[in-house]
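K.L.:
What follows is a protein structure lacking sequence information:
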DNA sequence: TCAAAAGTGTTGATACTACACCCATGG
DNA sequence: CCATGGGTGTAGTATCAACACTTTTGA
């Protein structure tokens, strides 16, 4: 007990599942590894080690800034992975965080770093447990994932699906002001199924604290849609 | 990166929220600390450090066995706490697990260890964030909780409430064969509110894969209730 | 035969879905 | 004035909750 720091203990890391919705599909930021052969795959979730006297959340912010140059992105902790053998370098326990941003913002960070790419994510519905996640490039090439990162990615997307209804996490994919159609696109991409417009509109409006701004979308053809924003007061 | 183990990193621990339902109320196992004055309270969740090359789940099993002598208890990981200053001894990151057992089984382990007690838990409904958990003895004395363990306890109970509907976690509080009345008692204790019998019966039976065994409760006065069991095939 | 708890049927309210329709704007 | 997407009304259906009722057993 008293000598907890002198005995060998596992290394601690954070892994980031950075997501956005682009072109009607969910995308994740992946990082190419030079040591792919021994890690079981070329592509991995961006991550970093947690140093002593640094809070895990501060490590997340550091990794976000280092790899993508982004600040102020929304992120949440979702689970911790510590199985032996998950990292061939030794015993590394990793706290997985989901980070969410608009596609435009993430893209800027991705193109600024040669080792990063934005991959299309596909996660099935059937089984309860994670693991059936795949990532592919725009031309359909599958990107093999290192470590247990396919499991992590699958778990995160399933948790995200569950949280869409009863939290405001879905709006983190959108700019501060957005159309209801854009919100529907986000939900359809995450759930990987199409939704009917009237049902979606009503459910969204009475489940979440949204407020019509009166402003309209600009630039599009045909009738401009109204812009909504999240009401910070929660409707009360 | 390559020298992750040579740099100082945080200590890693597991903390266990061991719960049971007794006398219509939710109870948690707490451990008395000799160093309560500097830890901010006399009572803490049982826990232990994760050593290198030991999986966190194996550490949980070890702590369960060491502190209570119990084996094969159901447990699940729920969240990880790593804020600086949460442990006055240094930077300790703790993975919190919820462990569930029948009251009879847990009691055996608690009376066998002088430092353990089974405390009544009260968690409010209002706020979303954790922290409003209190623990008290049978005579109503409040037990001050050390570290951030009141937050952890509150978070766990709230997650448990959410999981009651769509997982079978609630049945871990019961023996393999149980009456529907016993299941209702468990739900009422966890949710801290009374439920109407017919609604509860129907919801339970079509939300969860339960099967009537044909066997009846014995020993009670009045009409004996039928015993049910969880169908491992999930009804399909 | 009575008391107490097990178990079920019925009804009224609520929420959700699906479909059809109207509205506004650019070309 | 037409095509296209934004936005809304309505009706049918499934789900849910409360109440009253019947059943079964021990004393």
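P.N.:
Good, I have the coordinates. Nothing here was measured: the structure is a model prediction, and the numbers come from that model.

K.L.:
In terms of residue numbering, what are the domains of chain A?
P.N.:
Following automatic domain parsing, chain A resolves into domains at A:11-166, A:177-230.

K.L.:
Please identify the most buried of those.
P.N.:
Mean neighbour counts were compared across those using mean count of other Cβ atoms under 10 Å in any protein chain shown; the top stretch is domain A:11-166, at a mean of 18. C-beta here means a position set from N, CA and C on the backbone, and glycine is covered the same way.

K.L.:
looking only at pLDDT, what's the mean for that one?
P.N.:
For domain A:11-166, mean pLDDT is 92.

K.L.:
hmm, that domain touching chain B?
P.N.:
Yes - using Cβ under 8 Å from any Cβ of the partner chain, domain A:11-166 reaches chain B at A:11-13, A:49-57, A:77, A:79-80, A:82-84, A:89-93, A:95.

K.L.:
Go through the residues you listed and flag which are in helices.
P.N.:
Secondary structure assignment (DSSP state H) places A:56, A:57 from the residues of domain A:11-166 next to chain B within helices.

K.L.:
Run through who's touching the helix or strand containing residue A:229.
P.N.:
In this structure, residue A:229 is located in strand A:226-230 according to DSSP states H and E. Residues lying outside strand A:226-230 but in contact with it, judged by Cβ atoms under 8 Å, 6 or more residues apart in numbering or on different chains, are A:168, A:171, A:176-180, A:183, A:208-217.

K.L.:
How about that strand and DNA strand D, any contact?
P.N.:
Yes - in terms of Cβ under 7 Å from any atom of the strand, part of strand A:226-230 sits within range of DNA strand D, namely residue A:226.

K.L.:
how about the strands in chain A?
P.N.:
Read by DSSP state E, chain A holds these strands, from start to end of the chain: A:11-22, A:25-32, A:43-44, A:47-49, A:74-81, A:92-100, A:116-123, A:133-136, A:210-216, A:226-230.

K.L.:
what comes into contact with the shortest one?
P.N.:
Taking Cβ under 8 Å, 6+ apart as the criterion, the residues outside strand A:43-44 that touch it are A:30-33, A:36, A:117, A:119, A:135, A:143-147, A:149.

K.L.:
What is the neighbour count of residue A:176?
P.N.:
Other residues lying near residue A:176 total 11 when counted by other Cβ atoms under 10 Å in any protein chain shown.

K.L.:
out of everything not next to it in sequence, what's closest to it?
P.N.:
By the measure of Cβ to Cβ, 6 or more residues apart in numbering or on different chains, the closest residue to residue A:176 outside its immediate chain neighbours is residue A:229, 5.9 Å from it.

K.L.:
Out of the strands of chain A, flag the one nearest DNA strand C.
P.N.:
Distances from DNA strand C to each of the strands of chain A were compared using Cβ to the nearest atom of the strand; the minimum, 7.0 Å, belongs to strand A:210-216.

K.L.:
Next, the angle strand A:74-81 makes with the longest helix along chain A.
P.N.:
Across chain A, the helix with the greatest residue count (assigned by DSSP H) is helix A:149-166. Orientation of helix A:149-166 against strand A:74-81 (axes from the mean of the first three to the mean of the last three Cα atoms, to 10 degrees) gives an angle of 130 degrees.
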